[in-house]
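1. how does the following fold in three dimensions:
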Amino acid sequence: MKFEKQGKIFQLSAKIILPISLDEAWEFFSDPSNLKAITPEYMGFNILSSTDESMYSGQIISYMVSPLLGIKMNWVSEITHVEYKKYFVDEQKIGPYAIWHHKHFLKEIEGGTEIRDVVHYKLPISLIANRFHSLIVKPRLKEIFEYRTNKLNTMFGEK
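-> Okay, the predicted model is just below:
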């Protein structure tokens, strides 16, 4: 996992290799209802909108989440781009960040599938962003993505 800063925008990059087919990986990651299974319980993650349809560009997904101090907030994402079995992008429309742009890339490799995440995000108050990022946001995102990696390895086996 890697964090970078580009002006006022932060970037998180993460990668995991799972010993599953591209078909199985796509089926799992493109289904928003699976997000709860790979999100730490303390975040109180619940999907509020229907997830009965296959993922499509323009899809709006609404969640309830408690990212900090148990404070519940609504998070609304739009799936802005989808290329079947290659990648999809979700962007926060309502939530704790000024910008949240999350790209999910899937690539078939020998013996499994590589899943790569690239998240660009901006905190809402630029004047205190660096300090708040170092003390709270970066450690929390690191913890969430590490939890996700551990959970996926438990579910699908480690590569």
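
2. compute the number of surrounding residues for residue 25.
-> The burial count assigned to residue 25 is 22, neighbours taken as other CB atoms under 10 Å. C-betas here are computed from N, CA, C, even on glycine.

3. what does residue 39 give?
-> Neighbours of residue 39 using other CB under 10 Å come to 18.

4. I'd guessed it sits against residue 152; true?
-> No: counting by CB atoms under 8 Å, residue 39 does not reach residue 152; the two are 11.7 Å apart.

5. any idea how far the lowest-mean-pLDDT helix or strand in the chain is from the middle of the chain?
-> Least confident element among the helices and strands of the chain, by mean pLDDT, DSSP states H and E: helix 129-132 (a mean of 76). Centre-to-centre, helix 129-132 and its host chain are 21 Å apart (CA atoms, centre = their mean, to the nearest Å).

6. just give me the longest strand of this structure.
-> strand 71-83 (DSSP state E).

7. mean confidence for that strand?
-> For strand 71-83, mean pLDDT is 94.

8. any buried residues in it, and which?
-> 75, 77, 79, 80, 82 (16 or more other CB atoms under 10 Å).
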